[in-house]
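I need the structure of the sequence given here:
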Amino acid sequence: MRKLKHIFLLVFVMMLFSLHAQIKVNAVIDSSKIRIGEQTKLDLYVTYDANASKNLRIDWPSFEDTITGKVEIVSRTPIDSTIPDKSNPSIIQQHQQYIVTAFDSGYFAIPPFKFVVNGDTVNPVLTEALFLEVNTVPTDTTDATVKDIKPPFNEPFDWKWYLPMVYWSAAAILVVALIVFVIMKLTKKKPEQLIEKKPDIPPHIIALEQLEKVKLEAVWKEGKTKEYYSAISDSVRLYIEGRFGIQALELTTDEIVRAFKSQVVDSLSKEKLQQMLVLSDFVKFAKVLPIEQEHALALQNAFDFVNGTKREELEEQEILNEAQNEGGNIQNDMGGEQK
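As a prediction, the model looks like this:
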């Protein structure tokens, strides 16, 4: 049994060596002597028989920025595959090229490149070692005289060289001028037009006209009792908003009555207002059907409330009319004296 194991091991080793023998690797440097900063090509080749070594996997050496020491990598090409001998297409050659350089003078040894076959890191396939000689730039020591600094180069004037700058400057000035013109045009204030303001209609005039319309229409005769009382209530509430500044349309009857406690209004007007609003609430919300006399009474209370609380406005209007009349009389008198 041990002999059998040894035989298998020997066969495996012989196959491994046979596989390695079928793979050839090579490293070639284009120029082994360069000056500081110059570049040279470093080519790596792998050649193998595809028929003799199926499922072959070759791991190429990997580098970051340097090959070794001070030999730096400038660029590299991807690995390509070619058939060097068209008569024998089973022979495959893989190739990769590095551009290398060095910035220090001296002799640099490039160690063999390792190629791992089928993951066998113990027995890699190696290329030959390379050497790179980097020399400094020789200086001329025969001429030791000190030379003067060369004067500035006198370039002749060429006006065509300035044409693009002139064109671009003119275009920029035109664009800026256009932007300023548009801004001034948009921000220019238009002359204010004098709008003749119409005099505001006093709230009591609007309220009395609406109540008169309700009286003429008398929709309660058509069975529209709720609409009739809503029109009366809304007319009075709008009058209260314009006359007293109380948001009556948004308040309940009780809230309106409480708000009038602080208003300088006679008690009779307050009583008629409350009677009209309470009866309107009964009709709108409790569906009460008043008699014909109550229809007329509710409307009359609305008229009386408006007429009873408009006195202050009438006095102000009368004072304004008297002042205008007096001013007209004074102008007439002055005109007569001048004649």
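
any idea how the protein splits into domains?
22-135, 203-314 (automatic domain parsing).

give me the number of residues near Glu212?
Glu212 has 13 neighbouring residues, counting by other Cβ atoms under 10 Å. Backbone N, C-alpha and C define where each C-beta goes, glycine included.

nope, Val100 is what I was after
Residues near Val100, counting by other Cβ under 10 Å: 24.

of the domains of the chain, which stretch is the most buried?
Each of the domains of the chain was scored by mean neighbour count; the highest is domain 203-314, a mean of 16, by mean count of other Cβ atoms under 10 Å.

can you map out the helices along the stretch 1-150 of the chain?
Listed in chain order, the helices of the stretch 1-150 of the chain (DSSP state H, counting those that start in this stretch) span 2-22.

rank the domains of the chain by pLDDT, which is bottom?
For those, mean pLDDT drops lowest on domain 203-314, to a mean of 85.

chain center to that one, what's the gap?
57 Å (Cα atoms, centre = their mean, to the nearest Å).

what's the answer for stretch 60-67, then?
Counting by Cα atoms, centre = their mean, stretch 60-67 comes out at 46 Å from the chain centroid.

and the end-to-end length of that stretch?
Length of stretch 60-67, first residue to last, Cα to Cα, to the nearest Å: 13 Å.

can you pull the contacts of Ser235?
Ser235 makes contact with Ala207, Gln210, Leu211, Val214, Ala302, according to Cβ atoms under 8 Å, 6 or more residues apart in numbering.

next SSE downstream of the host helix or strand of the third one?
I take that to be Leu211. Here Leu211, judged by DSSP states H and E, is contained in helix 203-217. Of the helices and strands lying after helix 203-217 in sequence (DSSP H and E), the nearest is helix 225-244.

sorry, back to before: which one, of the domains of the chain, ends up nearest to Val166?
domain 22-135 (43.2 Å; Cβ to Cβ).

how long is the closest one end to end?
OK, domain 22-135 end separation, Cα to Cα: 39 Å.

what sits against Gln293?
Neighbours of Gln293 in contact, by Cβ under 8 Å, 6+ apart: none.

quick one on the thing from earlier: what helices or strands is the helix holding Leu211 leaning on?
Under the contact definition 3 or more Cβ pairs under 8 Å, 6 or more residues apart in numbering; DSSP states H and E, helix 203-217 sits against helix 225-244, helix 292-309.

how about CSV for those, with distance to Tyr48 added?
Output for the helices and strands packed on helix 203-217, formatted as CSV (distance: least, Cβ to Cβ, whole Å):
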stretch, distance to Tyr48
helix 225-244, 104
helix 292-309, 115
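
quick check: the residue nearest to Val214 when sequence neighbours are not counted vs Lys310, distance?
Nearest-residue entry for Val214: Ala231, 4.8 Å, with adjacent residues in sequence omitted and distances by Cβ to Cβ, 6 or more residues apart in numbering. For Ala231, the distance to Lys310 equals 20 Å [Cβ to Cβ, to the nearest Å].

same question for Leu277.
Relative to Lys310, Leu277 is positioned 18 Å away (criterion: Cβ to Cβ).

do the same with Asp281
Between Asp281 and Lys310 the distance is 24 Å, computed by Cβ to Cβ.

which one, of the helices and strands packed on helix 203-217, ends up nearest to Ile73?
Of the helices and strands packed on helix 203-217, the one closest to Ile73 (Cβ to Cβ) turns out to be helix 225-244, at 90.6 Å.

next secondary structure element downstream of that closest one?
For helix 225-244, the following helix or strand on the C-terminal side (DSSP H and E) is helix 253-259.

who are the packing partners of that next one?
Applying 3+ Cβ pairs under 8 Å, 6+ apart, one finds that helix 253-259 contacts helix 267-285.

show me the contacts for Met276.
Contacts for Met276 (Cβ under 8 Å, 6+ apart) come out as Ile232, Ser233, Val236, Ala298, Asn301, Ala302, Phe305.

can you rerun that using 10 Å?
By Cβ atoms under 10 Å, 6 or more residues apart in numbering, the residues touching Met276 are 229, 232-233, 236, 253, 297-305.

mind putting those residues into TSV with distance to Lys185?
Below are these laid out as TSV (distance: Cβ to Cβ, whole Å):
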residue	distance to Lys185
Tyr229	59
Ile232	57
Ser233	55
Val236	53
Thr253	59
Leu297	67
Ala298	62
Leu299	60
Gln300	63
Asn301	62
Ala302	57
Phe303	58
Asp304	61
Phe305	57
